[in-house]
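*Asks:* below are the sequence and a predicted model; questions follow.
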Amino acid sequence: MASLPQQIDRVILWVTRALGAMGAACIAGMATLTVLAVVMRYAFGAPFAFTEDLAGLMLVSAVFLGMPFALATHAHIRVNIAYDRTRGWARRGLFLLGQLVFLAFAAVFFRDARADLNLAMMLNLKTEVARIPLAPFVAMMSIGIALSALVATWHMLRPPPAGMATPDMPEKGFDA
């Protein structure tokens with residue numbers, strides 16, 4: 001039976017993988033929407049009015065749905081100049097410093113996103129052309145950054161990553 005930290009790792013990976021899949025679906029939806037818009041414009045002379053608005057919102061969705069998975073698998077961009085040259089407590093310290101910097105960013109972003117969400121809900125803000133409500137997308141940004149901060153906080157309690165991760169081969173931080 002897996003230990004409690006390993007079980008938590010599995011839950012984090014499962015949840016963030018599901019969100020990442022939703023983000024990938026947003027990218028696929030953007031591509032499909034763009035192709036349909038081109039066909040409508042050049043084949044029928046009647047472009048969709050909502051293409052740009054919806055594509056932009058889908059891009060934001062993809063970023064904030066995929067961010068927790070990138071953090072959970074250590075497949076994000078890292079500055080490794082000093083990190084790769086250290087071992088032991090120095091490596092751990094650099095890892096914790098990096099996590100703290102991200103947490104500071106996440107806290108400020110979350111605070112501002114919550115204020116934007118309150119404004120979007122209060123004024124019932126919508127996109128300019130398609131009139132798509134903005135509140136659900138701003139809420140998703142808040143949730144995405146909060147979940148990313150939780151993942152980063154959990155990683156602070158775990159051993160730092162051993163090496164470099166690539167998009168093809170995330171680090172073996174999880175027993176999945």
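*Replies:* Ah, there it is.
*Asks:* host element of the nearest residue to A82 once chain neighbours are set aside?
*Replies:* Spatially, and ignoring its direct neighbours in sequence, A82 is nearest to L94 (5.9 Å; CB to CB, 6 or more residues apart in numbering). C-beta: built from backbone N, CA, C; applies to glycine. Using DSSP states H and E, L94 falls within helix 88-123.
*Asks:* got a list of what W154 touches?
*Replies:* By CB atoms under 8 Å, 6 or more residues apart in numbering, W154 lies in contact with 8, 12.
*Asks:* quick one: it from P161, how far?
*Replies:* 13 Å (CB to CB, to the nearest Å).
*Asks:* M40 reaches A46, doesn't it?
*Replies:* Yes: using CB atoms under 8 Å, M40 makes contact with A46 at a distance of 5.7 Å.
*Asks:* those two: who's more crowded?
*Replies:* M40 (14 against 8; other CB atoms under 10 Å).
*Asks:* SS state for that one?
*Replies:* Here M40 is helix, with the state taken from DSSP: H, G, I helix; E, B strand; the rest coil.
*Asks:* so who does it touch?
*Replies:* The contact partners of M40, by CB under 8 Å, 6+ apart, come to 46-48.
*Asks:* 10 Å instead, please
*Replies:* 46-48, 51 (CB atoms under 10 Å, 6 or more residues apart in numbering).
*Asks:* top of those residues by number of neighbours, please.
*Replies:* Going by other CB under 10 Å, T51 tops these with 19 neighbours.
*Asks:* tell me the confidence at it?
*Replies:* Here the pLDDT value assigned to T51 is 90.
*Asks:* what of M1?
*Replies:* pLDDT, read off for M1, is 78.
*Asks:* what about it, how many neighbours?
*Replies:* Neighbour tally, M1, other CB under 10 Å: 4.
*Asks:* what's the local residue count around L157?
*Replies:* L157: 8 surrounding residues under other CB under 10 Å.
*Asks:* report how many residues lie close to the residue nearest to it when sequence neighbours are not counted.
*Replies:* By the measure of CB to CB, 6+ apart, the closest residue to L157 outside its immediate chain neighbours is P5, 7.9 Å from it. When neighbours are defined as other CB under 10 Å, P5 has 12 of them.
*Asks:* how about the contacts made by P5?
*Replies:* When contacts are counted by CB under 10 Å, 6+ apart, P5 touches 154, 157-159.
*Asks:* now for those residues, which pair is the farthest apart?
*Replies:* W154 and P159 (12.0 Å; CB to CB).
*Asks:* contacting residues around the residue positioned nearest the centre of the chain?
*Replies:* Centroid-nearest residue in the chain: M67, 1.9 Å away (criterion: CA atoms, centre = their mean). Neighbouring residues of M67 by CB under 10 Å, 6+ apart: 16, 19-20, 23, 76, 106, 141, 144-145, 147-148, 151.
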